[in-house]
Every structure is written in structure tokens, then in C-alpha cells.
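Visitor: quick one, structure for this:
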Amino acid sequence: MMSSSQKRSEYRSLFRHNVKGRLIVDKIVMGIVLSCVIVAIIPLGSILLEVFKNGLPALSVEFLTQAPGAIGTGEGGIGPAIQGTLIIIGMSSVIGIPVGVMAGIFLSEFGGNNLGKTVRFFNDVFMEFPSIVLGIFAFLSIVLLLGHFTLWAGAFALSLIMFPIVARTTEESLKLVPLTYREAGLALGLRQWVVTFRIVLSAAKNGMITGILLAVARISGETAPLIMTVLGSSQFFAGFDSPMDALPLRVWRLSLLPYDSARLQGWGAAVVLIIIILAINIGVRYYFATKNSSKGKLFYRIMGGKKQ
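Guide: Here you go, the predicted model:
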């Protein structure tokens, strides 16, 4: 029979062998993961490098503030396109975000029945619709009805793209909140809508914000729906019931012109669009980060302690 010391030494050798094998597998898996990340980053970095390399020389105060000049002269700028992009993003968000959030709340908290399954199915199908189809729908339902191109039609078309994304990400974020949060609120005598809006939404806030920002980034670069709805204009904002320019439209039109100056302005407009999307993401995340930080400091003050 083996002595206790021999058994311990055998167990140690088996343990070392198992640990060594697991470490080798971990390193292989980590290497595969890092390789996939690098493969994904290289094309993205190449695109950004190309856009900024070609677009930064076009940036100037005049380029960012003036209206487009004569075709082929290289004069003027993209001021109306920047203004129109911000207005359309704002209008689409006002329409699409509340509808998407409410739909996500319904699917997560009350969507366990046949109605919820039906809504979820059509939401997923709607999310996969080509953007040009939604642009044509907005054209037929609003532009033809009013008899002219309008900002409302563009905002409506982009909100149709936006709200299925917001609804789906909101639903998945709410499902990640532990059931004990809901049970604790109901045990305290709170109504279900109070638990949902005051407890569950607060816990799922980070995931919902990410989904909303993804939807905003998606609609910011859409061109086809805007061609069918707002058409484009070389003038600054003249009212919600009139055509308006936007950066995706301006990039598309400039890319079709056979002039070097037009291509340079197109690259510059693309850089501005990327910067706007990046600024929106950073601004929203910074706002909520500082808001959460101030709440934490207030909590420590109320409790009479000091935050380390």
C-alpha cells in the first residue's frame, strides 16, 4: 500500500499536470481571441485612418459654417448639412427613443403572452428591413400626402429605423436585471409600474443607453431614406416643413462629382460626421457618469461618511 506521503506527492503531480494543461488551453484560446480582435480592428483602423488623412485638410472655419458654393469651384462649406444632421437626429430621437423604450418595457415585463411573442416577431422583422424600403414608405405616406419634401418625413423614416433597435436592446437589458429586484419592490407594496420605472429601469440604464447610442449612430449615416424624404438643400434651416441638407446626403452628392475639390469636401464632410457621432457618444456617457458620481457623493454625505 502507498503511504500518505506518496499519495500526497501523486496528487500534487496530477494537480500540476492538470493545471499545466489548463494553462496551455487558456493561452491558446486567448491567442485566438486576440487574433480575432486584431482582425476586426485592422479594417476599422484603416478606414478611420483613410478618412481622417483625406478629410482633415478640408476642415476650416469657412468649410464648417458656410453654405455650399458653385459646383466644382471648391468654395463654400457644409454648414447647412451639419445643421440639418443635428436637427434630424434630434427629431428622430424624440420620436424613436420613447416608442422603442416603451416597446422594450412591454416585451420584457409584460410580453410573456401571445401578444408579446407577436410584437417581438414583428419588431425583429422590422429591424431587418432595408432602409430604402422605409424611406419609400415615408415618401408615400408623408411626402406625397403633403405634396413636398419635408423634415418631418425624414425624421419619421429614421425613427422607423431607430425604434426597433432601441426596443430590442431595452428588452435584453431589462431581462438582465435580477428577478429579486422586482420581488423586493413588490414585497414593499409598490405597484408594478413603479417597480418597473423606478427600480428596473435604473438597474438597466447602462445597457439601454448603449442601445440608444447604437441606434443614433445607425441613423446618423443613413442616406437612402433622406433621399426619398428631405431631398437636400444648399440653404440653412428654413422650417420643419421644408427640404434640408444632411451630411450623409452631402457626402453622397460630392462623391458623384468629377472634381478633386468636391472629393476633398466629401472626405471633410465624412470626418465631420464621424466627429459628431463620437461627440454624441462621449457627451452622453460623460453626462450619465457625472450624474452617477454626484449621486454617490450625495449618498455618502447623507450617511455622514467620507468617500475614499
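Visitor: all helices of this structure, in order?
Guide: Secondary structure of the chain (DSSP state H): helices at 4-55, 61-65, 79-109, 114-127, 131-138, 144-146, 151-175, 179-187, 192-194, 201-203, 205-220, 224-229, 247-255, 260-302.
Visitor: as a markdown table, the ones you listed with mean neighbour count, mean pLDDT and distance to residue 241 would be great.
Guide: Where C-beta positions appear, they are placed from N, C-alpha and C, glycine not excepted. Formatted as a markdown table, the helices of the chain follow (neighbours: other C-beta atoms under 10 Å; pLDDT from 0 to 100; distance: least, C-beta to C-beta, whole Å):
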| stretch | mean neighbour count | mean pLDDT | distance to residue 241 |
| --- | --- | --- | --- |
| helix 4-55 | 11 | 82 | 33 |
| helix 61-65 | 14 | 92 | 25 |
| helix 79-109 | 21 | 94 | 12 |
| helix 114-127 | 13 | 90 | 27 |
| helix 131-138 | 20 | 93 | 15 |
| helix 144-146 | 11 | 91 | 8 |
| helix 151-175 | 24 | 94 | 7 |
| helix 179-187 | 13 | 90 | 45 |
| helix 192-194 | 12 | 88 | 37 |
| helix 201-203 | 14 | 90 | 35 |
| helix 205-220 | 19 | 93 | 21 |
| helix 224-229 | 25 | 93 | 12 |
| helix 247-255 | 22 | 92 | 18 |
| helix 260-302 | 15 | 83 | 24 |
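Visitor: residue 72 is nearest to which of those?
Guide: Closest approach to residue 72 among the helices of the chain (C-beta to C-beta): helix 260-302, 6.7 Å.
Visitor: for that closest one, packing partners?
Guide: helix 4-55, helix 61-65, helix 79-109, helix 205-220, helix 247-255 (3 or more C-beta pairs under 8 Å, 6 or more residues apart in numbering; DSSP states H and E).
Visitor: in CSV, list the helices of the chain along with distance to residue 238.
Guide: Shown next, in CSV, are these (distance: least, C-beta to C-beta, whole Å):
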stretch, distance to residue 238
helix 4-55, 28
helix 61-65, 17
helix 79-109, 10
helix 114-127, 32
helix 131-138, 20
helix 144-146, 15
helix 151-175, 10
helix 179-187, 49
helix 192-194, 42
helix 201-203, 39
helix 205-220, 22
helix 224-229, 16
helix 247-255, 16
helix 260-302, 21
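Visitor: mind checking which of those helices is nearest residue 239?
Guide: Between these, helix 151-175 lies closest to residue 239; by C-beta to C-beta that is 8.0 Å.
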